[in-house]
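Participant: got a structure for you, letters missing:
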């Protein structure tokens, strides 16, 4: 992949494809723990394409923020996340906003935030065992802020990606039980429902989809829950 991307970067003269290829190249370097190389590439995209390809520049700003976050440089991370939110209609702005909210909500827990960044970095490197160890540590030690809640979500997603639906559902249930006021509970319940839905367990799926309608009337997941309920009740094959 690096070889092919370098061919694009070296042979195309400064177009949008070159900017995108550079971003992909930087992401690969992040996964290889070559953070200096990645930072240079993302910064080069920002410097080179700021007047022409704003979408790619905003993406590079976010990715550069991620690198600083992984390194534990919170101020620089926040600065670049902020640059990625200047156009709220861009595809990456929501991810950047979520990261800013995470940092703001946990500004009194800098050590824990840095730990969380390390766990995310381990995920980027596909080192899920180390990532899980940190997420579990945060769950057991953090009683304020939102890092423990998000750590439970990350553990659930890791297990779902491994096709371990039972373990994933256990983490979603733990989030709901341990943090009954969490802003992530509607997502956790939707994920539980979708997990059962994927296994054609319509009884349990319907139970959790209905819970979203009953308990989260303002959830952004209402339409998805209604559509899945409609399919289940109409007997549409799952």
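Facilitator: Cool, the structure landed. Just so you know, these numbers come straight off a predicted model, no measurement behind them.
Participant: What's the local residue count around residue 70?
Facilitator: One way to gauge burial is a neighbour count; for residue 70, by other CB atoms under 10 Å, it gives 22. Backbone N, C-alpha and C define where each C-beta goes, glycine included.
Participant: Next up, the contacts around it.
Facilitator: If you count contacts by CB atoms under 8 Å, 6 or more residues apart in numbering, residue 70 has them with 30, 35, 117, 118, 120, 121, 124.
Participant: Let me see the backbone angles for it.
Facilitator: Its backbone dihedrals place residue 70 at phi -60, psi -30, with angles given as degrees, to the nearest 10.
Participant: Just put the contacts of residue 70 in CSV and tack on pLDDT and neighbour count.
Facilitator: Formatted as CSV, the contacts of residue 70 follow (pLDDT from 0 to 100; neighbours: other CB atoms under 10 Å):
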residue, pLDDT, neighbour count
30, 94, 21
35, 95, 17
117, 96, 23
118, 97, 17
120, 95, 18
121, 96, 23
124, 91, 16
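Participant: Which secondary structure element of the chain has the lowest mean pLDDT?
Facilitator: Lowest mean confidence among the helices and strands of the chain (mean pLDDT, DSSP states H and E): helix 2-11, at a mean of 82.
Participant: OK, contacts around residue 54?
Facilitator: 87, 90.
Participant: Can you report phi and psi for it?
Facilitator: Phi and psi for residue 54, reported as degrees, to the nearest 10, are phi -60, psi -40.
Participant: what's the burial count for the closest residue to residue 221 other than its chain neighbours?
Facilitator: Using CB to CB, 6 or more residues apart in numbering and skipping the chain neighbours, the partner closest in space to residue 221 is residue 190 (4.6 Å). Residue 190 sits with 24 neighbouring residues when counted by other CB under 10 Å.
Participant: Can you tell me the centre-most residue of this protein?
Facilitator: In the chain, the C-alpha closest to the average C-alpha coordinate belongs to residue 95, at a distance of 7.2 Å (CA atoms, centre = their mean).
Participant: wait, what's in contact with the residue nearest to residue 162 when sequence neighbours are not counted?
Facilitator: Here the nearest residue to residue 162 in space, its sequence neighbours aside, is residue 128; by CB to CB, 6+ apart that works out to 8.0 Å. Counting by CB under 8 Å, 6+ apart, residue 128 makes contact with 122, 158, 162.
Participant: May I see those organised as TSV, with secondary structure and pLDDT added?
Facilitator: Compiled in TSV, these are given as follows (DSSP: H, G, I helix; E, B strand; the rest coil; pLDDT from 0 to 100):
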residue	secondary structure	pLDDT
122	helix	96
158	helix	96
162	coil	91
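Participant: just curious, which of the contacts of residue 70 is nearest to residue 62?
Facilitator: Checking the contacts of residue 70 against residue 62 by CB to CB gives residue 30 as the nearest, at 12.0 Å.
Participant: if I pick that closest one, what's in contact with it?
Facilitator: For residue 30, the contacting residues are 38, 63, 66, 67, 70, 121, 124, by CB under 8 Å, 6+ apart.
Participant: rerun that using 10 Å as the cut-off
Facilitator: The neighbourhood of residue 30, defined by CB atoms under 10 Å, 6 or more residues apart in numbering, consists of 37, 38, 39, 41, 42, 63, 66, 67, 70, 121, 124, 125.
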